[in-house]
Each structure stands twice: as structure tokens, then as C-alpha cells.
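**Student:** the following comprises the amino acid sequence and a computationally predicted model.
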Amino acid sequence: MPTPMLNTVNSPKDLRKLPQEDLSRLAAELRKFIIDIVATKEGHLGASLGVVELTIVLHYVFNTPDDLLVWDVGHQAYGHKILTGRRDQFHTNRQLGGISGFPKRSESIYDTFGTGHSSTAISAALGMAIASNLEGKKEKQHIAVVGDASIASGMAFEGLNHAGVTDANLLVILNDNAIGIDPSVGALKQYLTKARVGYKPKQDNIIEALNFRYFGPVDGHDIPGLIKILRKLQKINGPKFLHVFTTKGKGLKKAEEDQVKYHAPGKFKPETGELLPKATENLPLKYQDVFGLSLVELAEKNEKIIGITPAMPTGSSLKYMMQAFPDRAFDVGIAEQHAVTLAAGMATRGFRVFCAIYSTFLQRAYDQVIHDVAIQNLPVIFCLDRAGLVGEDGATHHGVFDIAYLRSIPNLIIAAPANEIDLRNLLYTAQLALDSPLVIRYPRGRGQLTDWQQPFEALEIGRGRCLKEGSEIAVLSIGNMTRNSKLAIEKIEAEHKDKIGHFDMLFVKPLDETLLHRICKKYTSIITVEDGVAKGGFGSAVLEFASKNDYRLKIRCLGVPDKFIEHGSVDELQEKCGINVENIREVIFSQL
């Protein structure tokens, strides 16, 4: 579909020159433009399709970038990016060297606040509004667009609670589409659903009780209606709340019908939305599915097993347990802090609680891990999906900090399986007689084995293993870097067959000190390999051990460098970080 009108819009200034009656045509062109590119380049789809009209109207009514627009859950912002000067670069979205899939301050003056995680927009926009007051610019508008179930997060409520006792010129727009990545859950969702269908709850309006002026709900696809209400709100000072209801995936029938799958569908036919087939036959399962299916196996025999996830039943594959044991598996919404402490509470009553959470999102509950779990030494099992480099979602989503930020916490055990069988056996071990909290970190994407469903075996906590003996260089790997290290060693073996030893440590904490003593006494050089940050990570733990025991051999630590890693494929990013097979090979060879 040609986009002649969209092609004339290089900035919101151009948009504001258009007659209001042309905006519906622009919306159709913008929606089709997003569909056509995401169909071939992949990315987040449904959320941005749902806010096309709202995006156009926000830039049409408000004087952006002087008026400050903050997007919550940044994958709503594709239309925003296209209308703010990045139309011709949009085909590079989420690719190495291309534009980010989320708002990013260094990318555009229209991206007023970087977002990748949820529920931050209200606090950020309130901060901007208070700053404007201090600068004597009370006329400036500050708009936070909150969507995809983020309003139910504790941080969103913290922002609302503070804003309600200020005179800040803040407009919170709730993009209510009743779904995040999975359907929204909780009492607030039920409350908002009643408002959507026109039911007037008997209790006071929850938003007005927080001292906001409440407006809505209104149709988020009605351009004239949106313009009218937003122009009215421009003239009202203080905190305001506009409840807008939209359809996630609007304009692509299949995306409207299957909003979970079309959140980020992969490649599809732009004309129909039909997903393009992927060759998955005889391929290994994703690690998340190995986790989810294995947990169901264990739960069938152990009625004390509980599963918890903060809004990621599909992404973490806890959905399998929710289907099999709905009374023992809980989606608590976008509430990582609550998820961790809820797990801790259940653990005090003797349950084996598996908290399935992305590595990057556990960062949001760091205090709860320390205060509510580790200090009390409660045997909560944290199953950290998406550990390591995750690819195209970029810096906000890489799970590269977990080893470093968890390793310093007393009582905490940290393990990283080298393959799916290790993952299964760690899950099995965790539900037997664990008396301390355990972190199991595993990567995004497919595993390595098609015969992963082997009988369970208990593992000894803190025990690594020798994969290959050598005489000069010991390669110590952790997690999925064991595979990269093995392949790198195989490339050198013809010339230096007996010189290189390889050890899969399996546990970052406690380290297998018996094995390390043997390695440090036998080998002249050690190379550690991890897919987390090198500073403070697994390699640092090995260095600390060598220093403590006065070993004076050479130690080289390979890992993610001390900078934020942008977006690209996992293979591209591993190469940039120097933890791909070829770079590991070169480092090993340089030590011979």
C-alpha cells in the first residue's frame, strides 16, 4: 500500500499542518507501514497497532517536543518513532546498528525518557512536571501514556500516589487494552473492565480518590473524539487521568483475534497476517519450554510445588503448569517485588516455590531477594529465563547483570546449566531437600538437545565437572558458554590436543573449590568464559579464589564488557563482546 500522506510527515510540525479530516487516512497509512515492515523485519506488533490513532492525536494536539510525552512499555511507540523523523530508518528497527525498538533519549529529542521495562512513565513524567514548575514553566504539558497492563504495577501506583498531592501539570493516559503480553489479571483489571462496559462501580472512583481529575472511558480509535477531549484537558491544570480503551492489534484481523501470539509474532504475510512457517521439526525445544514441561512433571509427584510469574506465563512457559495445576500456579501481574515476597511467604509454610522471572526483571525486586528471601534463608527457587544476551530487545532486556548482582548475597546458591538435561536436574534437585534459596539462570531461545527428557538425577550443590583434561590451559565455562568453549577448543585440538582442559563449573556459588584447587595446581593458565558482565561475575569469583589461596597463575576473564550492549542478534552481540566461538579460540591460542 502506498503511503503518500505519511511520506510528507517528517516531524510532528508537518503532522499539525494537516486538516483534521485527513488524519484517518494518515492512520490507515501508518498502520499499514508498521505492518509491512514488522512482517519482514520482526518486532513488537500488537501494542503499536493499537495506539495508532492515539499517537497521531497526541502529536497533533500537543506541541511536542516542547510538551513532554513519555511512553510506558516502549513497544507501544513504533508509530511515535515513525512520526518523529525516523520513518526512513524504521526498517532498521532492533537490528545491529539500527534504531532501538524502544524510546531512547540519545536517538531523538522526541524520546523524552528511555523505556523498556514497564510502569515508569508516571514517575518520570511527574518528575519532569515538578521540574517545569521549579523553572517557572507551569504551562508546559507532561503526558504519560501507560499501557499493556502497566497501571497495575506497584511503581505506577507510587507515581499516582505522589502526583495526587502535587499541583503538577500531569496528564496520565491509560491505554486500556485489557492485555499485556498475556491477558491482564487482578482486581484492578476487573475494575477497569467494568468501566469499559459502562458499569458504574458502587465504590468511589479509584483514580479520583487519589486526587486526579478523571475523564473517560473514551474510544481510543475515535480521532475527532480524542482531539476534543485532549484539547479540553490542555486547559485544565493539575493531575488529570484519561481512560482510553483500545484494541491491541487493531487493523490486522489475526492480531486482534490472537493478541498473545501477535504481541511479537515473528515474520508473517502483511496482507493477511498469516504467520510464515518456521522449520522447527527435529529442533531442540526452547529452554523456557524445557523448564515449563519439566516443572509439570515434578508437580505431578510433589504437591508442594508452586509456580509464580510476574505477568509472563507465556514468555516463561509457566503456562503449562497453570493449565495442569491452576490452583498451584499464579500470574501476579507486572509486580516483580510482590512475586518475590509472595514466594517467600509460601516458602515459610513448607512449599517449594519456583519463581519464573526474566533475569532483567528480577533487577526490579533486588531488595526483596535480599530482605525477604536471603536474610531469612528461605528456599525459594528463582528460575531466571533470558539470562545473558537476549538479542534484539537490547540494553534494557539483556540478562547480563544477574551473576554480578546476586553473587554477593549470602545464603544464595547460583547455578547455570550447560544444557537442558542440567536444567531438568537442577529443578529436580531444588524440590528435594533444598534449605537455601537457589537461582537457576538459563538463556533465551532453543537448547542443544532433542533427547532432553531424560530421567531426573539429583545433583550435588557446588560440584563442577571436568569435560576434558589438559596440561597447560584450563578453560572454565559456565552456562551456555560451555558450548561455545567446547567448540572453540575443538578448533585447536588437532595441533594442541593434550594442552587444553575444559571444566563446566555449573555453580557460580558455591564454587567447587576442591576442583579449583586441583586446576590451579596443575595448569599454568586459566580462561573463564561467561555471558554476564565480566566485572564482578563468574570470572571475578575465580580471581578471588586464586588471590585468597595465593595462586599465581595467569587468569584471563572473558565476558560482557563494562558498557551497555545495544540491540542485534545474539550471534552478533556475542561477537561484539568477544564470547563467540572464534574469539574464545583466539584467546586460547594466544595463551599457548
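**Tutor:** That came through fine.
**Student:** mind checking how far the host helix or strand of residue 343 is from the chain centre?
**Tutor:** Per DSSP states H and E: residue 343 is located in helix 336-347. Here helix 336-347 is found 19 Å from its chain centre; the criterion is CA atoms, centre = their mean, to the nearest Å.
**Student:** list the residues that contact residue 469.
**Tutor:** residue 501 (CB atoms under 8 Å, 6 or more residues apart in numbering). The way it works is simple: take the backbone N, C-alpha and C, and place the C-beta from them, glycine included.
**Student:** which residue of this protein sits farthest from its center?
**Tutor:** residue 495 (42.8 Å; CA atoms, centre = their mean).
**Student:** if I look at the residue positioned nearest the centre of the chain, how far off is residue 209?
**Tutor:** Against the mean C-alpha coordinate of the chain, by CA atoms, centre = their mean, the closest residue is residue 397 at 4.5 Å. For residue 397, the distance to residue 209 equals 35 Å [CB to CB, to the nearest Å].
**Student:** rewinding a little: show me what the helix holding residue 343 is packed against.
**Tutor:** For helix 336-347, the packing partners by 3 or more CB pairs under 8 Å, 6 or more residues apart in numbering; DSSP states H and E come out as strand 305-309, strand 352-358, helix 359-362, helix 366-368.
**Student:** try 10 Å
**Tutor:** Helices and strands touching helix 336-347, by 3 or more CB pairs under 10 Å, 6 or more residues apart in numbering; DSSP states H and E, are helix 154-163, strand 305-309, strand 329-331, strand 352-358, helix 359-362, helix 366-368, strand 381-385.
**Student:** Serialize the ones you listed to CSV and add fields for mean neighbour count and mean pLDDT.
**Tutor:** CSV is the format used below for the helices and strands packed on helix 336-347 (neighbours: other CB atoms under 10 Å; pLDDT from 0 to 100):
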stretch, mean neighbour count, mean pLDDT
helix 154-163, 19, 92
strand 305-309, 26, 97
strand 329-331, 24, 96
strand 352-358, 27, 97
helix 359-362, 25, 96
helix 366-368, 16, 97
strand 381-385, 28, 98
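**Student:** the ones you listed: which one's closest to residue 214?
**Tutor:** Closest to residue 214 of the helices and strands packed on helix 336-347 is helix 154-163 (CB to CB; 11.4 Å).
**Student:** run the angle between that closest one and helix 336-347 for me.
**Tutor:** Orientation of helix 154-163 against helix 336-347 (axes from the mean of the first three to the mean of the last three CA atoms, to 10 degrees) gives an angle of 120 degrees.
**Student:** in the helix or strand just after helix 154-163, what's buried?
**Tutor:** Next along the chain after helix 154-163, taking DSSP H and E as the criterion, comes strand 170-176. For strand 170-176, a neighbour-count test (16 or more other CB atoms under 10 Å) marks 170-176 as buried.
**Student:** same thing with stretch 279-297?
**Tutor:** By neighbour count on 16+ other CB under 10 Å, the buried set for stretch 279-297 is 284-297.
**Student:** out of these, who's nearest residue 376?
**Tutor:** Of all the buried residues of stretch 279-297, residue 376 sits closest to residue 295, with 23.7 Å by CB to CB.
**Student:** got the contact list for that closest one?
**Tutor:** 305, 307, 317-318, 320-321, 324-325, 329, 354, 356, 381, 383, 424, 427, 431 (CB atoms under 10 Å, 6 or more residues apart in numbering).
**Student:** picking up where we left off before, for the residue nearest to the centre of the chain, give me its contacts.
**Tutor:** Residue 397 makes contacts with 101-102, 116-117, 358-361, 386, 389-391, 444, 567, as judged by CB under 10 Å, 6+ apart.
**Student:** need the helices for the stretch 401-550 of the chain, in chain order.
**Tutor:** Secondary structure of the stretch 401-550 of the chain, counting by DSSP state H, counting those that start in this stretch: helices at 402-406, 420-433, 481-492, 513-522, 538-548.
**Student:** output those as JSON lines; include the columns mean pLDDT, distance to residue 414 and mean neighbour count.
**Tutor:** Formatted as JSON lines, the helices of the stretch 401-550 of the chain follow (pLDDT from 0 to 100; distance: least, CB to CB, whole Å; neighbours: other CB atoms under 10 Å):
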{"stretch": "helix 402-406", "mean pLDDT": "98", "distance to residue 414": "6", "mean neighbour count": "24"}
{"stretch": "helix 420-433", "mean pLDDT": "96", "distance to residue 414": "11", "mean neighbour count": "21"}
{"stretch": "helix 481-492", "mean pLDDT": "95", "distance to residue 414": "15", "mean neighbour count": "21"}
{"stretch": "helix 513-522", "mean pLDDT": "98", "distance to residue 414": "15", "mean neighbour count": "16"}
{"stretch": "helix 538-548", "mean pLDDT": "98", "distance to residue 414": "9", "mean neighbour count": "19"}
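**Student:** any chance of those helices in JSON lines, with distance to residue 149 too?
**Tutor:** JSON lines is the format used below for the helices of the stretch 401-550 of the chain (distance: least, CB to CB, whole Å):
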{"stretch": "helix 402-406", "distance to residue 149": "24"}
{"stretch": "helix 420-433", "distance to residue 149": "28"}
{"stretch": "helix 481-492", "distance to residue 149": "34"}
{"stretch": "helix 513-522", "distance to residue 149": "45"}
{"stretch": "helix 538-548", "distance to residue 149": "35"}
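**Student:** nearest to residue 67, of the ones you listed?
**Tutor:** Short answer: helix 402-406, nearest of those by CB to CB, at 36.8 Å.
**Student:** which strands or helices does the closest one pack on?
**Tutor:** Here helix 402-406 touches helix 359-362, strand 381-385, strand 413-415, strand 438-441, strand 507-509, strand 525-533, helix 538-548, strand 554-560, going by 3+ CB pairs under 10 Å, 6+ apart.
**Student:** among those, which is nearest residue 301?
**Tutor:** Comparing the helices and strands packed on helix 402-406 by CB to CB, strand 381-385 comes nearest, at 16.2 Å.
**Student:** next, count neighbours for residue 300.
**Tutor:** Look at residue 300: counted by other CB atoms under 10 Å, it has 11 neighbours.
**Student:** could you dump the helix or strand containing it to CSV, C-alpha only?
**Tutor:** Assigning secondary structure by DSSP H and E places residue 300 in helix 287-301. C-alpha atoms of helix 287-301 as CSV (Å, rounded to 0.1, in the frame of the first residue of the first chain):
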residue,chain,number,x,y,z
TYR,A,287,14.8,-23.6,27.4
GLN,A,288,11.7,-22.0,28.7
ASP,A,289,9.6,-24.9,27.5
VAL,A,290,12.0,-27.4,29.0
PHE,A,291,11.5,-25.5,32.3
GLY,A,292,7.8,-25.4,32.0
LEU,A,293,7.2,-29.0,31.0
SER,A,294,9.8,-30.3,33.5
LEU,A,295,8.1,-28.4,36.3
VAL,A,296,4.8,-30.1,35.4
GLU,A,297,6.4,-33.5,35.6
LEU,A,298,7.8,-32.7,39.0
ALA,A,299,4.5,-31.1,40.2
GLU,A,300,2.6,-34.3,39.3
LYS,A,301,4.6,-36.1,42.0
